[in-house]
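Novice: My questions are about this predicted structure, shown below with the sequence.
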Amino acid sequence: MRTKDENIQLADLLFPNVKESVEDVFKKYPKRELKDGAEVLRFAPSPTGFLHIGSVYSGLVCTKISEQTDGVAILRIEDTDKKREVKEGVQLIVEGLKGFGIEFNEGPGIKGDSIGDYAPYMQSKRLDIYKVFAKYMIAKGSAYPCFITEDQLAEIREQQEKAGARTGYYGSWAKWRDASLEEIKSELENGSPFVVRLYSTGDIENTFEMTDGVKGRVTLRENDMDAVLLKSDGFPTYHFAHPIDDTLMGVTMVTRGDEWFSSVPLHYELFAKLGFKQIPYTHISPLMKMDNDGKSKRKLSKRKDPEADVQYYIDHGYPKEGILEYLLTLANSNFYDWRVQNPNLDIDEFQLKLEKFNKAGALFDIVKLEDICKEYIASLSAEQVYEKSLDWAKKYDKQTAKLLELNKDYCINIFNIERSGSKIRKDIVKFEDSKLQLRIFFDELFNEEEYEDILNRVDRDIQKEIVERYINIYNSDEDNVVWFENIKKLGDSLGFCSDRKEYEENKEKYKGTVGDVAMVLRVAITKKTQSPDLYQVMSVLGEQKARQRLEKYASEMV
RNA sequence: GCCGCUAUCGUCUAACGGUUAGGACAUAGGAUUCUCAAUCCUACAAUCGGGGUUCGAUUCCCCGUAGCGGUACCA
């Protein structure tokens, strides 16, 4: 057991260069002036070179709640693990979130600069701050240096397992917690590497209550682990950086992933020992993915699931608005009802409520996401679809981008097909799909299509007859109704039936229905058995091109 | 193993202790002045199991079970 004095000596021995006091640090990070009810939240990802869809989710929650309360949203980069860090990681996060319209009031800017008065927002640049607090903790006997090696740790673990005890570095298993000053000095003289650990005074048998933003009131056991605060490389662990940074930055509500929930007792002890006021927690369940053919759920993983990476959505041109809306329905299921009632309001108007979050992990359902994206794109004007498609194509599909740029009006007309009135076409899920819409309207794309004899239910000579006769009556001035009447007449004259019920009852009397006649024309013009409204397709295509294609098709039908 | 959290249709979820357990997505049928998409209609489909408490339990309590998370000098 060391005395008070010895602990102060020890602190100076370990951190001779740390001259600042805890009070000095607090002077640099003054209390925030906030309106009543304003919440300061932070989103704190690690730069691992990958923007997880779950990060967009967390980032959205963070910025949304702060906006709603007239508070502050902070982006803080937790780059304390040198092993996992990736070069462009920070930029990827900042730009990626920005791409979704998720912007923070404070944090690292895109160019590596910092915005806000509580900088730096990169933990790797706050090492001096953590040292001040580590020294303080050691001086008051709440922390101590530990020289145990990895091998020794493994050994302890083995013994614990054998004895049926809880594993970990705690209580009497924690060899270095009460080491004498002399022992420590001798290790230091040897140059042995060490970590700084918490001197835990918690008792696993004691419980305490806390209120979580989504889980509500829960009872937890006290922490008794001597957790590592400072690693041997001088970097803090998350556990140590979290109370310090969040307190210094004036955070009023910690929202974080559910995987942190188990660490709450440790964090409570740390807040207390650091002399900080406890910040309330809200633990958000992770996004899940079905695995094992529907037998089990698991966290969306960046290794196995391409759709965990936000880049996947960007590459394919999923509209960010659709993704945000889907994430909001996952967060608060009443979002859907709100959206139905307020189809034209911006999502900023929606009030997100933490207590409405689901307690278990929600499955990330890409099918539902696509449905929402589809609805969103259907609500856009043809001009908007054009602009957004072009934005996407410029980056990911140069050929389509060129086509769009050179034929702006024509393309807008194409996107306008079935986009007005009560029957809105809903077949674009993501802007990548726009290309498919263009396919039948450009000869250069059209000719790439291989000719298939797709219409074997109508004889080739009859197909030829239909197309040839249609060429003679084709008039691009006629409206939709007349256009279809003419096709019916044409069909009638060739022995096709224009009345569906009549056809069903007397199939043998007819060669087919008007549907078949229209289908022949569709194939002649689009070389596809599926297309948007044929009348509108022909109008947009223009008489000249339509005729060309009809004639070519007729000539091929020998 | 130990600790903790969670549990309603396939999925996301709704239901002051009293509902015919509701909606959306998905799926399957049907409807439509042309195919596909859409739209409309219909169908299918759930309170994890067992005990309590209660006149009455999806809801409250206990025990199982399952899923998830934690059990690092990762976050």
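Specialist: Perfect, I can see it now.

Novice: what about A:D203, how many neighbours?
Specialist: 12 (other Cβ atoms under 10 Å). For every residue, glycine as well, the C-beta is placed using N, CA and C.

Novice: Which other helices and strands does the helix or strand harbouring A:K98 contact?
Specialist: Counting by DSSP states H and E, the element that carries A:K98 is helix A:89-99. In terms of contact count using 3 or more Cβ pairs under 8 Å, 6 or more residues apart in numbering; DSSP states H and E, helix A:89-99 is assigned the packing partners helix A:53-68, strand A:72-75, strand A:107-108, helix A:310-316.

Novice: which residues sit against that helix?
Specialist: Contact partners of helix A:89-99, identified using Cβ atoms under 8 Å, 6 or more residues apart in numbering, comprise A:45-51, A:55-56, A:59, A:75, A:77, A:79, A:86, A:103-104, A:107-110, A:112, A:122, A:310-311, A:314, A:320.

Novice: RNA strand B: which of the helices and strands packed on helix A:89-99 is closest?
Specialist: Smallest distance to RNA strand B across those (Cβ to the nearest atom of the strand): 10.1 Å, for helix A:53-68.

Novice: avg pLDDT for the closest one?
Specialist: Across helix A:53-68, the average pLDDT comes to 93.

Novice: Show me what that helix packs onto, helices and strands only.
Specialist: Secondary elements touching helix A:53-68 (3+ Cβ pairs under 8 Å, 6+ apart): strand A:40-43, strand A:72-75, helix A:89-99, strand A:254-257, strand A:281-284, strand A:287-291, helix A:310-316, helix A:320-331.

Novice: Take the ones you listed and write them to TSV, including mean pLDDT, distance to A:R547 and mean neighbour count.
Specialist: Shown next, in TSV, are these (pLDDT from 0 to 100; distance: least, Cβ to Cβ, whole Å; neighbours: other Cβ atoms under 10 Å):
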stretch	mean pLDDT	distance to A:R547	mean neighbour count
strand A:40-43	97	59	25
strand A:72-75	97	59	25
helix A:89-99	89	45	19
strand A:254-257	94	62	20
strand A:281-284	93	60	21
strand A:287-291	71	52	18
helix A:310-316	91	37	18
helix A:320-331	92	40	21
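
Novice: of all these, which lies closest to A:E465?
Specialist: Closest approach to A:E465 among these (Cβ to Cβ): helix A:310-316, 43.6 Å.

Novice: which other helices and strands contact the closest one?
Specialist: In terms of contacts (3+ Cβ pairs under 8 Å, 6+ apart), helix A:310-316 is packed against helix A:53-68, helix A:89-99.

Novice: Now do the last one against helix A:320-331, angle only.
Specialist: Angle of helix A:89-99 versus helix A:320-331, following axes from the mean of the first three to the mean of the last three Cα atoms, to 10 degrees, is 90 degrees.

Novice: Return the distance of helix A:89-99 from the chain's centre.
Specialist: Relative to its parent chain, helix A:89-99 has a centroid offset of 12 Å by Cα atoms, centre = their mean, to the nearest Å.

Novice: cool, and stretch A:72-83?
Specialist: Distance, stretch centre to chain centre, for stretch A:72-83: 18 Å (Cα atoms, centre = their mean).

Novice: Check the residue in the stretch 51-200 of chain A that RNA strand B sits nearest to and give its pLDDT.
Specialist: Ranked by Cβ to the nearest atom of the strand, the top residue of the stretch 51-200 of chain A for proximity to RNA strand B is A:E78, at 3.0 Å. At A:E78, the predicted lDDT confidence score is 94.

Novice: and what of A:N447?
Specialist: So A:N447 comes in at 62 (pLDDT).

Novice: Generate a ChimeraX selection restricted to the buried entries among the contacts of helix A:89-99.
Specialist: Restricted to buried positions by 16 or more other Cβ atoms under 10 Å, the ChimeraX selection for those reads:
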select /A:45,46,47,48,50,51,55,56,59,75,77,79,104,107,108,122,310,314,320
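
Novice: quick revisit: turn the helices and strands packed on helix A:310-316 into JSON lines, including distance to RNA strand B.
Specialist: Supplementary listing: these in JSON lines, determined by distance: least, Cβ to the nearest atom of the strand, whole Å:
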{"stretch": "helix A:53-68", "distance to RNA strand B": "10"}
{"stretch": "helix A:89-99", "distance to RNA strand B": "11"}
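
Novice: and the ones you listed as TSV, adding distance to A:Y535?
Specialist: Output for the helices and strands packed on helix A:310-316, formatted as TSV (distance: least, Cβ to Cβ, whole Å):
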stretch	distance to A:Y535
helix A:53-68	41
helix A:89-99	39
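
Novice: who wins for proximity to A:A360 among those?
Specialist: Using Cβ to Cβ, the nearest of those to A:A360 is helix A:53-68, at 15.0 Å.

Novice: next one: the closest one to chain centre, how far?
Specialist: 10 Å.

Novice: any idea of the angle that helix forms with helix A:320-331?
Specialist: Calculated by the same axes, to 10 degrees, helix A:53-68 forms an angle of 80 degrees with helix A:320-331.

Novice: Give the buried residues for helix A:53-68.
Specialist: By neighbour count on 16+ other Cβ under 10 Å, the buried set for helix A:53-68 is A:53-68.

Novice: Need the residues that contact stretch A:467-475.
Specialist: For stretch A:467-475, the external contacting residues (Cβ under 8 Å, 6+ apart) are A:486-487, A:490, A:493-494, A:520-521, A:524, A:543, A:546-547, A:550-551, A:553-554, A:557.

Novice: Could you rerun that using 6 Å?
Specialist: A:486, A:490, A:524, A:550, A:553-554 (Cβ atoms under 6 Å, 6 or more residues apart in numbering).

Novice: who's in contact with A:I417?
Specialist: Counting by Cβ under 6 Å, 6+ apart, A:I417 has contacts A:532, A:536.

Novice: Apply 10 Å and report the result again.
Specialist: Going by Cβ atoms under 10 Å, 6 or more residues apart in numbering, A:I417 touches A:382, A:425, A:437, A:441, A:531-533, A:535-537, A:539-540.

Novice: now A:P16
Specialist: Applying Cβ under 10 Å, 6+ apart, the residues near A:P16 are A:K135.

Novice: same thing but 7 Å
Specialist: Taking Cβ atoms under 7 Å, 6 or more residues apart in numbering, we find A:P16 in contact with no residue.

Novice: list the buried ones in stretch A:397-416?
Specialist: Residues A:397, A:400-401, A:403-404, A:410-416 are the ones in stretch A:397-416 that count as buried (16+ other Cβ under 10 Å).

Novice: before we move on, back to that, identify whichever of the helices and strands packed on helix A:89-99 lies nearest to A:E23.
Specialist: strand A:72-75 (23.2 Å).

Novice: what's next to the closest one, contact-wise?
Specialist: Contacting residues not belonging to strand A:72-75 are listed as A:40-43, A:62-63, A:66, A:104-108, A:121, A:249 [Cβ under 7 Å, 6+ apart].

Novice: Going by residue numbers, what spans are strands in the stretch 301-450 of chain A?
Specialist: A:362-363 (DSSP state E, counting those that start in this stretch).

Novice: The stretch 51-200 of chain A now?
Specialist: Assigned by DSSP E, counting those that start in this stretch, the stretch 51-200 of chain A shows strands spanning A:72-75, A:107-108, A:114-115, A:143-146, A:195-198.

Novice: now those as CSV including distance to A:I473?
Specialist: Listed next are the strands of the stretch 51-200 of chain A as CSV, based on distance: least, Cβ to Cβ, whole Å:
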stretch, distance to A:I473
strand A:72-75, 65
strand A:107-108, 67
strand A:114-115, 68
strand A:143-146, 92
strand A:195-198, 88
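
Novice: Would you single out the least confident of the ones you listed?
Specialist: Averaging pLDDT over each of the strands of the stretch 51-200 of chain A puts strand A:114-115 lowest, since it has a mean of 86.

Novice: partners of that one in the sheet?
Specialist: When sheet partners are counted by DSSP bridges, strand A:114-115 sits next to strand A:107-108 (antiparallel).

Novice: ok, A:E259 - how many residues close by?
Specialist: Using other Cβ under 10 Å, A:E259 has 11 other residues around it.
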